[in-house]
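sharing a model that was predicted from the sequence below.
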Amino acid sequence: MHKKSLIVANWKMHLNTHQASTLVHRLHEHIQHHRDVEVVLAPSMLTLQPISVEVDRRRFRLSAQDAYPKDEGVYTGEVSFAMLGDLVHYCIVGHSARRLYFEESNDLIRDKVSAAVRNEIVPILCVGETKTERENGEGRAVVHAQLTTALMNLTSADIENIVIAYEPVWAISTFDGIIAKPSEVQEMITYIRRQIADLYGPKAAQDLRVLYGGSVNEHDARDYLSLDGVDGALVGAASLNYKQFSEIVAVAHNVQVEKASR
Ligand code: PGA
């Protein structure tokens with residue numbers, strides 16, 4: 001069986017409860033249900049609970065955008081993976097915004113990945129190099145360190161239940177036209193799979209779902225999704241617009257049909 005395509009809407013720190021609910025309603029109306037595409041919504045922590053009540057779980061799965069690695073305790077202001085267990089299927093871990101604005105280290109991200117797996121939540125682990133790192137020729141080394149540290153505590157069985165998102169930091173939310181070339185994405189995703197093959201064997205590397213993220217919109221989605229080894233997209237800005245996001249899901253379905261007939 002062909003792997004399902006995974007399209008994740010990362011709403012970041014946008015939308016209050018009312019706005020999130022309106023968007024979910026629109027997505028219900030506009031997104032066609034395709035068996036070969038899994039659509040995941042990642043609302044803010046505040047709106048996760050109300051959205052979980054109204055969303056049709058047969059059509060959309062939910063993801064948190066982050067969580068705290070300890071299961072419970074004195075960690076004022078935090079929400080744990082254990083608390084999210086009934087609400088979400090996925091949790092984004094190590095998003096570049098967390099690494100950048102909240103100074104999350106590879107070690108902390110490793111603990112979050114372990115906590116997600118321990119609580120049966122699928123981590124969507126984000127990796128990617130910054131502009132300077134790329135310019136210095138350190139892109140691969142950075143991604144290698146991010147991957148090997150984050151996955152350190154996982155067994156091969158655990159690897160079946162994780163998702164990796166390659167997000168070059170220099171191509172995220174760029175409104176100045178700087179986007180990653182499909183060939184650059186292809187190269188790094190092949191590299192990521194090779195790392196997984198070295199650590200966990202070729203089957204794990206083949207079964208693993210790897211997403212691309214970074215300014216994906218309804219126009220460029222096809223270029224990324226049709227690449228070999230790209231199993232979906234992590235969409236930020238364009239996921240806040242129901243028309244754009246619905247179109248991306250439609251493109252994902254078309255690409256799946258084409259890939260299946262190859
Ligand atoms: P973007 O965000 O699509 O706005 O670049 C991607 C992301 O948040 O991961």
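Looks like it came in fine.

the chain against the ligand: which residues are in contact?
Counting by C-beta under 6 Å from any ligand atom, the chain comes close to the ligand at 10, 167, 172-173, 213-216, 234-238. The way it works is simple: take the backbone N, C-alpha and C, and place the C-beta from them, glycine included.

okay, who's weakest in those residues by pLDDT?
Looking at these by pLDDT, the weakest one is residue 173, with 85.

so that residue touches residue 237, yeah?
Yes. Using C-beta atoms under 8 Å, residue 173 is in contact with residue 237, at 5.8 Å.

related to what we said a few turns ago, which pair in the residues of the chain next to the ligand spans the largest distance?
Greatest spatial distance in the residues of the chain next to the ligand: 167 and 238, 14.1 Å, computed using C-beta to C-beta.

which one's more surrounded, those two?
Remark: of residue 167 and residue 238, residue 167 carries more neighbours, 27 against 20, as counted by other C-beta atoms under 10 Å.

show me the strands in the stretch 1-150 of the chain, by range?
With strands called from DSSP state E, counting those that start in this stretch, the stretch 1-150 of the chain shows them at 5-10, 37-42, 60-64, 90-93, 122-127.

who does the shortest one touch, helix- and strand-wise?
It refers to strand 90-93. strand 5-10, strand 37-42, strand 60-64, helix 106-118, strand 122-127 (3 or more C-beta pairs under 8 Å, 6 or more residues apart in numbering; DSSP states H and E).

run me through the strand neighbours of it, direction for each.
strand 60-64 (parallel), strand 122-127 (parallel) (DSSP bridges).

next, format those as CSV and append distance to residue 146 and mean pLDDT.
Shown next, in CSV, are the strands paired with strand 90-93 (distance: least, C-beta to C-beta, whole Å; pLDDT from 0 to 100):
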stretch, distance to residue 146, mean pLDDT
strand 60-64, 20, 98
strand 122-127, 4, 98
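
comparing these, which comes out most buried?
Compared across those, strand 122-127 shows the largest average neighbour count, a mean of 26 (mean count of other C-beta atoms under 10 Å).

hmm, back to that, so what sits against both of residue 173 and residue 237?
Common neighbours of residue 173 and residue 237, counting by C-beta atoms under 8 Å, 6 or more residues apart in numbering, are residue 215.

quick one, which of these two is more surrounded?
Shown here are residue 173 and residue 237; by other C-beta under 10 Å, residue 237 has more neighbours (18 against 13).

that one contacts residue 215, doesn't it?
Yes. When contacts are counted by C-beta under 8 Å, residue 237 is listed as touching residue 215 (7.3 Å).

what's the overlap in contacts for the two?
Joint contacts of residue 237 and residue 215 (C-beta under 8 Å, 6+ apart) are residue 173.

next up, the contacts around residue 108.
residue 69.

mind doing that once more with 10 Å?
Applying C-beta atoms under 10 Å, 6 or more residues apart in numbering, we find residue 108 in contact with 68-69, 93-94, 98-99, 102, 149-150.

ok, now residue 110?
69, 93-94, 125, 146, 148-154.

so residue 112 is in contact with residue 84, correct?
No. Using C-beta atoms under 10 Å, residue 112 is not in contact with residue 84, being 11.8 Å away.

mutual contacts of these two, please.
With C-beta under 10 Å, 6+ apart, residue 112 and residue 84 have common neighbours 67-68, 91.

out of these, which end up buried?
67-68, 91 (16 or more other C-beta atoms under 10 Å).

take these and lay them out in JSON lines including distance to residue 14 and pLDDT.
Conversion of those to JSON lines gives the following (distance: C-beta to C-beta, whole Å; pLDDT from 0 to 100):
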{"residue": "67", "distance to residue 14": "19", "pLDDT": "98"}
{"residue": "68", "distance to residue 14": "22", "pLDDT": "98"}
{"residue": "91", "distance to residue 14": "18", "pLDDT": "98"}
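
now those as a markdown table including distance to residue 75?
Output for these, formatted as a markdown table (distance: C-beta to C-beta, whole Å):
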| residue | distance to residue 75 |
| --- | --- |
| 67 | 11 |
| 68 | 6 |
| 91 | 16 |
